[in-house]
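Enquirer: I would like to see how this sequence folds:
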Amino acid sequence: MLVKDLLEIKGRTVYTTKATDTLRQAVNKMVRHNVGSLLVVDDQARVIGIITERDVLCKCVHEGKNPDQEHVQKHFTATLLIITPGEDVGSAMDVMTRNRIRHLPVVEADSLEGIISIGDVVKAQLHEYHTENRYLKDYITAKYPG
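Expert: Next comes the predicted model:
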């Protein structure tokens, strides 16, 4: 399965926050949309990074900082790893695993196409394995036409 196929299944909605928002505002948005990350955008809506629930926990809560007084700009990750829609879902899993990240923006020719999570990737891989397994069992037990 390709990343673009995964996006067609899960949708292309991407939730964002501004660097000037407080961490509380960002967390409220994550909770409201049931997501674990937000892409950080500038005033022209250009993506400048990502903030995740892990960023909030490790860089703010763990250090005892007040999320109402801390801003996204101080805690987000500016260096984004991305994947293109034409790449295989297995490649996305490899990038996520090697870099210990859970969210991967999908970009094609400087255009944001969506974002995938490790959960999306695992679900897609599991579906592929189950489908392949079913076809192989049918083939072995002579249920396969041909």
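Enquirer: any idea how many residues pack against Arg54?
Expert: 15 (other Cβ atoms under 10 Å). Just so you know, the C-beta spots here come from the backbone N, C-alpha and C atoms, and that holds for glycine as well.
Enquirer: and it, how far is that from Ser117?
Expert: Separation of Arg54 from Ser117 (Cβ to Cβ, to the nearest Å) stands at 12 Å.
Enquirer: ok, now Ile9?
Expert: For Ile9, the distance to Ser117 - Cβ to Cβ - is 13 Å.
Enquirer: tell me which of the two has more neighbours.
Expert: Ser117 (18 against 11).
Enquirer: what does the closest residue to the more buried one other than its chain neighbours show for phi and psi?
Expert: Excluding its sequence neighbours, the residue lying closest to Ser117 (Cβ to Cβ, 6 or more residues apart in numbering) is His103, at 5.4 Å. Reported as degrees, to the nearest 10, the phi and psi values for His103 are phi -140, psi 140.
Enquirer: pLDDT value on His103, please?
Expert: Listed pLDDT for His103 reads 96.
Enquirer: tally of neighbours for the nearest residue to Thr52 once chain neighbours are set aside?
Expert: Of all residues not flanking Thr52 in the chain, Ser37 sits nearest, at 4.3 Å (Cβ to Cβ, 6+ apart). Residues lying near Ser37 (other Cβ under 10 Å) number 25.
Enquirer: quick one: Tyr7 is in a helix?
Expert: No Tyr there; residue 7 is Leu. Yes - under DSSP: H, G, I helix; E, B strand; the rest coil, Leu7 sits within a helix.
Enquirer: assign a three-state SS to Leu104, would you?
Expert: strand.
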